[in-house]
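# One predicted model, sequence on top.
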Amino acid sequence: MGQTGEAEAPVESAQTGSFRSLFTPAGLLIGLATGFLSGLMGVGGGIIAVPAMVGILHVSQHKAHGTSLAMMVMTATASAIAYSSRGEVDLRLAVLLSIGTVVGAYLGARVMSRVPAHQLRLIFGVFILLVGLRMVFS
Amino acid sequence: MGLDLLIILVLGLAAGVLAGLLGIGGGVILVPAMVFLLGVDQKVAQGVSLVVIVPTAIVGAITHYRRGNVLPRLALSLGIAAVFGALLGAWLAGQLDPTWLRRGFGVFVVAVATRMIVIEVRAARAPTVKS
């Protein structure tokens, strides 16, 4: 399984290694799966990328999060182009929403340490569960 | 016209705040919000979500990079593989009936929500464990 059998965050130390160390079977699978989910569902894919990096590649939580975001830029761009080629992008809506999300994400991240994240995540989890169920059954 | 604009800006802001605050992806919030609150078609909602993710992720990645929290080589290798996966997934989404795609999205959201709830319930039961 390539580098994953070694000790002490091999993926992180591989940052200074040879070019061939870039692609491992686990990494390819994680990338493919994340991208597939992203393209199929129109999401970032971080939801599986981060746990996969932490659990399989032994990357630290914070680095997994940051790396996932960087990866997401490429993934979302490719997916967006695909959807756009089918006329499935309302660009005006996307631009307007983007203004809000970029500002909002910055604010949200800043406030994060001052709020009860666990309770909020639990409440949000329940809420989004209901939303998901509605999407399935409506 | 003005109200529509305001609603969309507020929606984007709310989705961004939630995403930044809870560490959850914006797409999971934006797509249902667009479908249920703005009456957008499932596939268009997904397409818009993907376009929105690009600048949001760029900003996030730069912020994390400055803190040394991005592994560039890993991001690149995962990203290259992910692009292939994304093109395949996007193609498949195009083939599916919108209703079934929406249901599939619902299943995905239920899975994400369940995982969130389980993690938080476990965290609540083990208060001595630092997160």
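Structure's in. What do you need? Numbers count the residues shown, from 1 in each chain, chains lettered A, B, ... in the order given.
# Sketch out the low-pLDDT regions of chain A for me.
A:1-21 (pLDDT under 70).
# now with 80?
Applying pLDDT under 80 to chain A flags the ranges A:1-22, A:109, A:112.
# Go ahead and flag the most central residue of it.
A:Gly46 (1.5 Å; CA atoms, centre = their mean).
# longest helix in the chain, by residue count?
The chain I'm using is chain A. Scanning chain A for the longest helix, with DSSP state H as the assignment, gives helix A:61-85.
# other chain: chain B
helix B:98-125.
# So for that helix, what gets flagged as buried?
Neighbour-count burial for helix B:98-125, counted by 16 or more other CB atoms under 10 Å in any protein chain shown, picks out B:101-106, B:108-110, B:112-113, B:116-117, B:119-120. The C-beta positions use only the backbone N, C-alpha and C, and glycine is treated the same way.
# Can you narrow those down to the ones near chain A?
Among the buried residues of helix B:98-125, the residues lying close to chain A (CB under 8 Å from any CB of the partner chain) are B:102-106, B:108-110, B:112-113, B:116-117, B:119-120.
# Show me the residue sitting in the middle of chain B in space.
Geometric middle of chain B (CA atoms, centre = their mean) lands on B:Gly27, at 2.6 Å.
# any idea how far the closest residue to B:Leu76 other than its chain neighbours is from A:Gly104?
Excluding the flanking residues, the one nearest B:Leu76 by CB to CB, 6 or more residues apart in numbering or on different chains is A:Leu22, at 6.9 Å. Distance of A:Leu22 to A:Gly104, given as CB to CB, to the nearest Å: 34 Å.
# So those two - more neighbours on which side?
Using other CB atoms under 10 Å in any protein chain shown, the more surrounded residue of A:Leu22 and A:Gly104 is A:Gly104, with 26 against 17.
# Was I right to think that one contacts B:Leu13?
Yes. When contacts are counted by CB atoms under 8 Å, A:Gly104 is listed as touching B:Leu13 (4.2 Å).
# residues in contact with B:Ala93?
The contact partners of B:Ala93, taken as CB atoms under 8 Å, 6 or more residues apart in numbering or on different chains, are A:39-42, A:83, B:43, B:46, B:101.
# Make a markdown table from these and add distance to A:Gln119 and secondary structure to it.
Formatted as a markdown table, the contacts of B:Ala93 follow (distance: CB to CB, whole Å; DSSP: H, G, I helix; E, B strand; the rest coil):
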| residue | distance to A:Gln119 | secondary structure |
| --- | --- | --- |
| A:Gly39 | 34 | helix |
| A:Leu40 | 32 | helix |
| A:Met41 | 27 | helix |
| A:Gly42 | 29 | coil |
| A:Tyr83 | 36 | helix |
| B:Lys43 | 35 | helix |
| B:Gln46 | 30 | helix |
| B:Leu101 | 33 | helix |
